[in-house]
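Enquirer: Fold the following and give me the result.
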Amino acid sequence: YEVGVITQRTAFGYDLIANELTAQEKKSAADAFWKQAIFPAVEEYFTYNRDPIAASNWMANSVGGAIAAAVATAGDTSSWDEREASALAKLEFAYEELLQGLFPGDGSEAEPYGYENFAMQGISWGISSLRALGIHPRGTERMMQAFWWPYYTTVKPGLQLDTGDFNGHLTGLPGFAWGAEFSGIPELRAFYDSGTHLDLTKSAHGGENGHMLEEQLNAIDVVCCSGPAPAFTPPPPSRVFPLRGSAVLRSGWDRDATVISLRVGPWFNHEHHDEGSFQVAAFGNALIGEAGYGSYYIDPHYPDYFTQAAGHNTVLIDGNPFSQMAFAPRYWAAFKYPHFASQLLSSYFDYLAADLTPAYDGKLQSYERQYVFLKPDILIVHDEVRAPEKHVFTWLLHAPPDAKLKHDGAAASIQAKDAHADLVAAGSNAAWSVEDTPIPVTLFTDLDHQHIEPRKEFLLTSPSAAEAEFLVGMKFAAGSAGSEPGLQSWSEEAG
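Expert: I've put the predicted structure just below:
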């Protein structure tokens, strides 16, 4: 993919100066593009088809760069019609397969947000180059619509509630520049404008890999925007993305809105074992988080904690961080995976029920998690778990970094900078406890300019039994938590 990233920029530079080059210089450039980028991409993604599901941000950048190089050299050498033109047809086929494989068609891209932004950069170089030849690839529309997932998860610029290998903070959005200019979708234009402040004087340092390139502004940003942003009516505040396996419940679109991001669905590239997990932000503050971003290159706890159920707001069986061991990708229909069983989204409340049983790979007979969002500021989560034998079940809730935690019996609170969450547990498993959690090693790269606070999580623990039930209410408010609980539980007989 790094060759693809370099090829995208080199092809753009070549196109700018091609009229100043001699025929021999053009041939030398075309031969280099062919040897280093075009022919390898054809071999990899067409001839040998080494990515048959065609769903990879690597493929997006490799194929997008090869297409850009092939189009940039069009007509510049006598052999183009026989060599590059033939290769371009094969690359377009691979490109169209990519648009089908990477975008499930429900308004999302299947990878975490940072990787979507990165993949969209390569895709944008490809589609802009094909557009110069009048080619409109099959699948363009579903790709354009894939901005809706990050659109919904964005709390404010630089704070997004996505899952998997993503740190929650993305600012530059070069992957969406082309769509913002040419799609005609006003919400996409507004989304791009909200996250991008064009400054091409900065670029990635040599040696930085794809992760560092994800949000780096580059030449593709200059395509947007040629006109003023159009007005639009805000979409409904809550939306389910069933093919991706995600949902966002929002109280509205203002800066103080409560935003709840949920993960329930098939496994995919860079995702974690986080079925049923949820994150919450309100008043511009993250209030319910996860364990944090662990680098898969250097963090020793990446494979045994940050990617596992223990690093998310899930239920553990007998304290096992590997409680959710099932891999159920969306490409194999024979595998069952967690899914939203029912939903009701409205102006005043949202309701979702999720069947999480398949995530536990046969260890459970059933596990249903229900979410009730009473807008604008109350979330209720209800779990019912059944197993064929006795287990101790632990209900996890991660606080965001630097939050202050308090608990007293069934009541607890999470204090962030400008907002807080009051928690109350009800039923037989209602005594909160707090534990420290591993700290991502990436935080230790600059100890001279920051103070690193311990990471913490709340826990509810059941006695050993074949069944367990958890019921937790959360109320989100601005400012500091008061001395009295913001929520209380009660029970009464029905009928």
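Enquirer: need the contact list for residue 147.
Expert: 107, 176, 179, 185, 187-188, 191 (C-beta atoms under 8 Å, 6 or more residues apart in numbering). Bear in mind the C-beta positions are built from the backbone N, C-alpha and C, glycine included.
Enquirer: Pick out whichever of those sits closest to residue 22.
Expert: residue 179 (37.2 Å; C-beta to C-beta).
Enquirer: helices and strands of this protein: which one has the lowest mean pLDDT?
Expert: Least confident helix or strand, the chain: helix 210-213 with a mean of 52, by mean pLDDT, DSSP states H and E.
Enquirer: Now for residue 445, how many residues are close by?
Expert: Neighbour count for residue 445, taken as other C-beta atoms under 10 Å: 8.
Enquirer: who's in contact with it?
Expert: Residues counted as contacts of residue 445 (C-beta under 8 Å, 6+ apart): none.
Enquirer: Quick check: phi and psi at it.
Expert: Here is the backbone geometry of residue 445 (degrees, to the nearest 10): phi -80, psi -20.
Enquirer: any idea how far it lies from residue 452?
Expert: Note on residue 445: its distance to residue 452, by C-beta to C-beta, to the nearest Å, is 11 Å.
Enquirer: and stretch 462-471, how far from the chain's centre?
Expert: 32 Å (C-alpha atoms, centre = their mean, to the nearest Å).
Enquirer: what comes up buried for stretch 90-110?
Expert: Residues 90-95, 97-104, 106-110 are the ones in stretch 90-110 that count as buried (16 or more other C-beta atoms under 10 Å).
Enquirer: Restrict it to CA atoms and write it as CSV.
Expert: What follows is stretch 90-110, C-alpha atoms only, in CSV (Å, rounded to 0.1, in the frame of the first residue of the first chain):
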residue,chain,number,x,y,z
LYS,A,90,-8.0,-5.1,-15.4
LEU,A,91,-7.4,-2.5,-12.7
GLU,A,92,-10.9,-1.1,-13.2
PHE,A,93,-12.3,-4.6,-12.7
ALA,A,94,-10.4,-4.9,-9.4
TYR,A,95,-11.5,-1.4,-8.4
GLU,A,96,-15.2,-2.3,-9.0
GLU,A,97,-14.7,-5.5,-6.9
LEU,A,98,-13.2,-3.3,-4.2
LEU,A,99,-16.3,-1.0,-4.2
GLN,A,100,-18.5,-4.1,-3.6
GLY,A,101,-16.3,-5.7,-1.0
LEU,A,102,-15.3,-2.8,1.2
PHE,A,103,-18.7,-1.1,1.3
PRO,A,104,-21.6,-3.2,2.6
GLY,A,105,-24.3,-0.9,1.2
ASP,A,106,-25.9,0.5,4.4
GLY,A,107,-24.2,3.8,4.5
SER,A,108,-20.9,2.6,5.9
GLU,A,109,-17.4,1.2,5.2
ALA,A,110,-16.8,-2.0,7.2
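Enquirer: Show me what the helix or strand residue 127 falls within is packed against.
Expert: Taking DSSP states H and E as the definition, residue 127 sits inside helix 113-132. In this structure, helix 113-132 packs against helix 2-17, helix 57-72, helix 84-102, helix 140-144, helix 148-153, helix 177-182, helix 210-213, with contacts taken as 3 or more C-beta pairs under 8 Å, 6 or more residues apart in numbering; DSSP states H and E.
Enquirer: The same query, at a cut-off of 6 Å, please.
Expert: helix 57-72 (3 or more C-beta pairs under 6 Å, 6 or more residues apart in numbering; DSSP states H and E).
Enquirer: tell me what the helix it packs on is packed against?
Expert: Checking 3+ C-beta pairs under 6 Å, 6+ apart, helix 57-72 ends up next to helix 2-17, helix 39-42, helix 84-102, helix 113-132.
Enquirer: Return the distance of that helix from the chain's centre.
Expert: 23 Å.
Enquirer: Also stretch 124-144?
Expert: The mean C-alpha position of stretch 124-144 is separated from the chain mean by 23 Å, C-alpha atoms, centre = their mean.
Enquirer: first to last residue in that stretch, what's the distance?
Expert: One end of stretch 124-144 to the other measures 10 Å (C-alpha to C-alpha, to the nearest Å).
Enquirer: Enumerate the positions of it that are buried.
Expert: Result for stretch 124-144 [16+ other C-beta under 10 Å]: buried residues 124-130, 137, 139-140, 142-144.
Enquirer: what does stretch 458-465 give?
Expert: Buried residues in stretch 458-465, defined by neighbour count with 16+ other C-beta under 10 Å: 458-462, 465.
Enquirer: now stretch 16-35
Expert: Quick answer for stretch 16-35 (16+ other C-beta under 10 Å): 26-27, 29-30, 32-34.
Enquirer: go on, stretch 423-430?
Expert: 423-427, 429-430.
Enquirer: where does the helix or strand hosting residue 421 sit relative to the chain's centre, distance-wise?
Expert: In the assignment (DSSP H and E), residue 421 maps to strand 419-426. Here strand 419-426 is found 26 Å from its chain centre; the criterion is C-alpha atoms, centre = their mean.
Enquirer: List the neighbouring strands of it plus their orientation.
Expert: strand 411-415 (antiparallel), strand 465-478 (antiparallel) (DSSP bridges).
Enquirer: Out of the ones you listed, flag the one nearest residue 74.
Expert: strand 465-478 (55.4 Å).
Enquirer: For the closest one, give the mean pLDDT please.
Expert: Confidence over strand 465-478, taken as the mean pLDDT, stands at 97.
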